[in-house]
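*Asks:* what shape does this take:
(chains A, B, C and D)
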Protein chains: 2
Amino acid sequence: MADERRSVLRRALRILETVKDAGGALSLSDISRRSGVPLTTTFRIAAELHEWGALERDDAGAYRIGLRLWEVATGTPRSVGLQRVALPFMLDLFETTHRGVHLAVREKDQVVFVERFLSSETATDRTWVGGRYELHSTAIGLVLLAHAPWDLQEEIVTGPLTMPSWSSPITERELRQTLADIRRTGYATTPIRQEHLSVATPIHGSKGTVVAALSLILPLAESYGPRLAHLQGTARGVSRALGAPQARRKDG
Amino acid sequence: MADERRSVLRRALRILETVKDAGGALSLSDISRRSGVPLTTTFRIAAELHEWGALERDDAGAYRIGLRLWEVATGTPRSVGLQRVALPFMLDLFETTHRGVHLAVREKDQVVFVERFLSSETATDRTWVGGRYELHSTAIGLVLLAHAPWDLQEEIVTGPLTMPSWSSPITERELRQTLADIRRTGYATTPIRQEHLSVATPIHGSKGTVVAALSLILPLAESYGPRLAHLQGTARGVSRALGAPQARRKDG
DNA sequence: AGCTACCTTTCCGCATACTGGAAGCGGGAT
DNA sequence: ATCCCGCTTCCAGTATGCGGAAAGGTAGCT
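*Replies:* Here you go, the predicted structure:
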């Protein structure tokens, strides 16, 4: 908050995010309190956002995210564009395996889930579409990290490696080794809450670089060999549909 | 352009929309030209949007809609919220009928498609998710119009009733009758390009009002009776999942 | 009814944050 | 080597956004 300069635009975006984070509808005063933007200013900006359609008001007058903003977001190449291509492949994988399927991309130093299907047994999964998570603590994030720009990898590898409570800690050395293994073998695995195993593999874009990752959640008991082949086949299918070069091995 | 007062926010939103409408990535100068915002100003605003994540830059430096904006749009109740609830019902309907299925809501005087599945034979369909269309020229729009606020209905009914080229013109009197019929029978039909028939029915929200509509695209030759029952059953399922009161008939 | 409490909206003088032309930079084409 | 086009930085002027104060609204309580 300290270094955040004043600016209508920044405040407007903060207001949008505040409303989004609330989940439901928010009153004007609520927005003002939660965002830290003075009430009068919130009023003015919210009114403008409402006029345009980025915010809507329900019958009680409370604000929520507007359809027009969603329409614009419909044009996001890395989420909607990717999702549109990947959906049929994911559905196919889901129907044949009946295991949780996740599709994610990297946004800076985090992983963002773009689409997912949950099997009944993994329905307790805490992730959600549009949510952000650490790169180094899940298989899907590790795949994305292993193919991220070198300086980002260094930054994360040498940074604090906090892990989920149910997972064992990891050292810098181990993580480096893990990332190298992922690049070599083409897939990553991580246990999930001592009951399941997440297996993830990269998806390549038209320039051959890794643009996303696909993962499958399996019961720990199940051997993952056959599923991995299926997962990788699906990922290859998506990559091909995205126009990826058919090279045998290509890292970005 | 004349009455549109200057304002960073308005210009920022216009820039976002310009980038969205372009479909792909746009250079800074392109954004400036297309949006009519002076180059320097475009530069400043685009930089701010980029910093926040509402815009991204590809490797050529061109701008496209950013993931962060999409994340915020993930919290849009009327599209994503509705879609999340309706998806399984729609998939079920699609799998049993193998006909095009559309889900749409009303935004002011237009219909916006929120989700759809196309059968192979209706793949030439010109609509797209996030697209806007006239309320009075499709079955799904007519359903939404029939349950819209009275003054909006009046405005449209008495306004210019332009129709798609392949469709026959309609008079004010006919349209009023059509809307009344829709409210009475609970569904609407319109022919689509002389080959198909669109059948649509309303979806009710937790307050009993019509919040969306569902449609099915059938070959004109096929009798729509059985499909209509299926469609209405699906719509009832979605309404129930949205917490709609189980009333036999309730108009909003 | 009257009172209180809270939320929304309007008002307005102040000054700050936005503006956009001009000029400098860089890179690709002729 | 020169031109052209697009991106970025600079800067002085002022339009535009700012936010406290006070006026409407509405709901709940005594």
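
*Asks:* in chain A, where is pLDDT below threshold?
*Replies:* Judged by pLDDT under 70, chain A has its weakly predicted residues at A:1-5, A:120-126, A:247-252.

*Asks:* just the helices in it please.
*Replies:* Under the criterion DSSP state H, chain A carries helices at the ranges A:8-22, A:28-35, A:39-52, A:67-73, A:82-97, A:139-146, A:150-158, A:172-185, A:225-241.

*Asks:* and stretch A:60-79, how far apart are its ends?
*Replies:* Its start and end residues considered, stretch A:60-79 measures 32 Å (CA to CA, to the nearest Å).

*Asks:* in that stretch, what counts as buried?
*Replies:* Taking 16 or more other CB atoms under 10 Å in any protein chain shown as the basis for neighbour counts, the residues of stretch A:60-79 that come out buried are A:62-79. Just so you know, the C-beta spots here come from the backbone N, C-alpha and C atoms, and that holds for glycine as well.

*Asks:* give me the subset of the residues you listed touching DNA strand C.
*Replies:* Restricting the buried residues of stretch A:60-79 to those near DNA strand C by CB under 7 Å from any atom of the strand leaves residue A:62.

*Asks:* so which of the buried residues of stretch A:60-79 are also by chain B?
*Replies:* Filtering the buried residues of stretch A:60-79 for neighbours of chain B using CB under 8 Å from any CB of the partner chain leaves A:64-79.

*Asks:* and which of those is nearest to DNA strand C?
*Replies:* Out of these, the one with the shortest distance to DNA strand C is residue A:64. That distance is 12.2 Å, counting by CB to the nearest atom of the strand.

*Asks:* for residue A:199, see how far away the closest residue to residue A:213 other than its chain neighbours is.
*Replies:* In space, residue A:213 comes closest to residue A:143 once its chain neighbours are excluded; the distance is 4.2 Å by CB to CB, 6 or more residues apart in numbering or on different chains. Using CB to CB, to the nearest Å, we find residue A:143 at a distance of 10 Å from residue A:199.

*Asks:* neighbour count winner among the two?
*Replies:* A side-by-side neighbour count of residue A:143 and residue A:199, using other CB atoms under 10 Å in any protein chain shown, places residue A:143 first with 31 against 23.

*Asks:* could you tell me which residues touch both of residue A:143 and residue A:199?
*Replies:* For the pair residue A:143 and residue A:199, residues contacting each of them under the criterion CB atoms under 8 Å, 6 or more residues apart in numbering or on different chains are A:187-188, A:215.

*Asks:* give me the neighbour count for the residue of the stretch 151-252 of chain A found nearest chain B.
*Replies:* The shortest separation between the stretch 151-252 of chain A and chain B is 7.9 Å, found at residue A:207 (distances taken as CB to the nearest CB). As a burial measure, residue A:207 scores 13 neighbours (other CB under 10 Å).

*Asks:* again, but for the one 10 residues further on
*Replies:* Residues lying near residue A:217 (other CB under 10 Å) number 25.

*Asks:* what's the spacing between it and residue A:108?
*Replies:* Counting by CB to CB, the gap between residue A:217 and residue A:108 amounts to 25 Å.

*Asks:* that older thread, of the shared contacts of residue A:143 and residue A:199, which is the most crowded?
*Replies:* Using other CB under 10 Å as the neighbour definition, the shared contacts of residue A:143 and residue A:199 reach their maximum at residue A:215, which records 29 neighbours.

*Asks:* correct me if wrong: it contacts residue A:203.
*Replies:* No: the criterion here is CB atoms under 8 Å, and residue A:215 misses it with residue A:203 at 10.7 Å.

*Asks:* spell out which parts of chain A neighbour DNA strand C.
*Replies:* Counting by CB under 7 Å from any atom of the strand, the residues of chain A near DNA strand C are A:5-9, A:27-30, A:39-40, A:43, A:47, A:61-62.

*Asks:* can you pick the most crowded of those residues?
*Replies:* Neighbour counts for those were taken using other CB under 10 Å; the highest belongs to residue A:9, which has 20 neighbours.

*Asks:* show me the contacts for that residue.
*Replies:* Residue A:9 makes contact with B:8-9, B:12, B:45, B:48-49 under the criterion CB under 8 Å, 6+ apart.

*Asks:* try 6 Å
*Replies:* Residues near residue A:9 by CB atoms under 6 Å, 6 or more residues apart in numbering or on different chains: B:8, B:12, B:48.

*Asks:* phi, psi for whichever residue of the stretch 51-200 of chain A sits closest to DNA strand C please.
*Replies:* Across the stretch 51-200 of chain A, the shortest distance to DNA strand C (CB to the nearest atom of the strand) belongs to residue A:61, at 5.6 Å. Residue A:61 adopts backbone torsions of phi 90, psi 0, taken as degrees, to the nearest 10.
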